[in-house]
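Engineer: Sequence and predicted structure are below.
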Amino acid sequence: MGWLSAMQLHRLSEDRPHFPPPERALDEPNGLLAFGGDLSEQRLLNAYRNGIFPWYSAGDPILWWSPDPRAVLYAGEFHVSRSLARFIRHNPYRVTVNQQFAEVIAACAERGQEGTWIGPEVQAAFIRLHHRGRAHSIEAWLGEELVGGMYGISQGAMFCGESMFSRRDNASKVALLTFCRFFMHQGGKMIDCQVLNSHTASLGAREIPRRDYLALLSQLQRITLAADCWQSQTLSVDNLNSDH
């Protein structure tokens, strides 16, 4: 806790689910905005409405972030590499929405060091949001085996992706590509990837200034998607080889 105090970070109230403006986040570490509070439904939804997300290690206080720049993937800009294009010509996976949320978040937590922050408290909080219709999962199946997927928070025409996992070749890529095509058809525009890494960059994600991200978030939150967007369903993979 001492290093947090030394940074003079904003400490969140236990009683009020409010955050300081994202513009007050630190430059180093990039985007660290506040600490403390809890993972209540109201606080989490307030965070995502304002371009803020939790990320912290086990044993640490809850840390809240809003990095600058922000990594985003426009739904129509998913990059299909030559190797992925060859793979999806004979795609073996079935892709679904909201059929195994708890299993998806648990699988994301198991995938190694990057996923270790998704502890039992985090999983329980997002499962509560899922039951309220605000957190969603996308699953990739090989037969009846769950082999890949992702989960995140819906914000109108933006989907705030939290984490993804893959147990078979290209499973998470096929899940994301299928979801992007479906999301666009439902009126969706953008996937929030939070912080750019080599994997998301290879899929077409790019960085934009935080101020631009926050402006887009405000606009996209006001867009209402098709009524059946987040119903539990199997997504069509017939158009994976098309450009749109």
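Structural biologist: Now that the structure is in, tell me what you want to look at.

Engineer: and residue 23, what is it in contact with?
Structural biologist: Contact criterion C-beta atoms under 8 Å, 6 or more residues apart in numbering gives 210-211 as the residues in contact with residue 23. Every C-beta, even on glycine, is put in place using the N, C-alpha and C of the backbone.

Engineer: Assign a three-state SS to it, would you?
Structural biologist: Here residue 23 is recorded as helix under DSSP: H, G, I helix; E, B strand; the rest coil.

Engineer: partners of the strand ranked longest in the chain, with directions?
Structural biologist: If each strand of the chain is counted by residues according to DSSP state E, the longest one is strand 145-155. Looking at strand 145-155 with DSSP bridges, its partner strands are strand 135-142 (antiparallel), strand 158-166 (antiparallel).

Engineer: For the first one, buried residues please.
Structural biologist: Judged by neighbour count (16 or more other C-beta atoms under 10 Å), strand 135-142 contains these buried residues: 135-141.

Engineer: Neighbours of residue 236, how many?
Structural biologist: Neighbourhood size, residue 236 [other C-beta atoms under 10 Å]: 12.

Engineer: about what we covered before: want to try a markdown table for the strands paired with strand 145-155, with distance to residue 235 and mean pLDDT as columns?
Structural biologist: Rendered in a markdown table, the data for the strands paired with strand 145-155 read as follows (distance: least, C-beta to C-beta, whole Å; pLDDT from 0 to 100):
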| stretch | distance to residue 235 | mean pLDDT |
| --- | --- | --- |
| strand 135-142 | 8 | 98 |
| strand 158-166 | 14 | 97 |
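
Engineer: closest to residue 159 among the buried residues of strand 135-142?
Structural biologist: Of all the buried residues of strand 135-142, residue 159 sits closest to residue 136, with 7.6 Å by C-beta to C-beta.

Engineer: any idea how far the residue nearest the centre of the chain is from residue 191?
Structural biologist: Computing the C-alpha centroid of the chain and ranking residues by C-alpha atoms, centre = their mean puts residue 161 first, at 1.1 Å. Taking C-beta to C-beta, to the nearest Å as the measure, residue 161 falls 5 Å from residue 191.

Engineer: got any residues that touch both of the two?
Structural biologist: The overlap between the contact sets of residue 161 and residue 191 (C-beta under 8 Å, 6+ apart) consists of residue 152.

Engineer: hang on, the earlier thing: my guess is the residue nearest to the centre of the chain meets residue 188, correct?
Structural biologist: No - at 11.9 Å, residue 161 does not count as touching residue 188 under the criterion of C-beta atoms under 8 Å.

Engineer: Could you report the neighbour count for residue 95?
Structural biologist: Using other C-beta under 10 Å, the number of residues around residue 95 comes to 26.

Engineer: Relative to residue 131, how far out is the nearest residue to it once chain neighbours are set aside?
Structural biologist: Of all residues not flanking residue 95 in the chain, residue 178 sits nearest, at 4.2 Å (C-beta to C-beta, 6 or more residues apart in numbering). When distance is defined by C-beta to C-beta, residue 178 is 24 Å away from residue 131.

Engineer: Can you give the contact residues for the lengthiest helix in the chain?
Structural biologist: As far as residue count goes, and with DSSP state H defining each element, the longest helix of the chain is helix 171-185. Contact with helix 171-185 is made by 73, 75-76, 78, 80, 84, 87-88, 91, 93, 95, 97, 138-140, 142, 147-150, 159, 164-166, 191, 203, 226, 229, 235-237, 239-240, 242, 244, as judged by C-beta under 8 Å, 6+ apart.

Engineer: Show me the strands in this protein, by range?
Structural biologist: Listed in chain order, the strands found in the chain under DSSP E are 10-12, 32-36, 53-54, 63-65, 70-74, 94-97, 135-142, 145-155, 158-166, 190-194, 206-208, 233-235.

Engineer: Much appreciated, bye for now.
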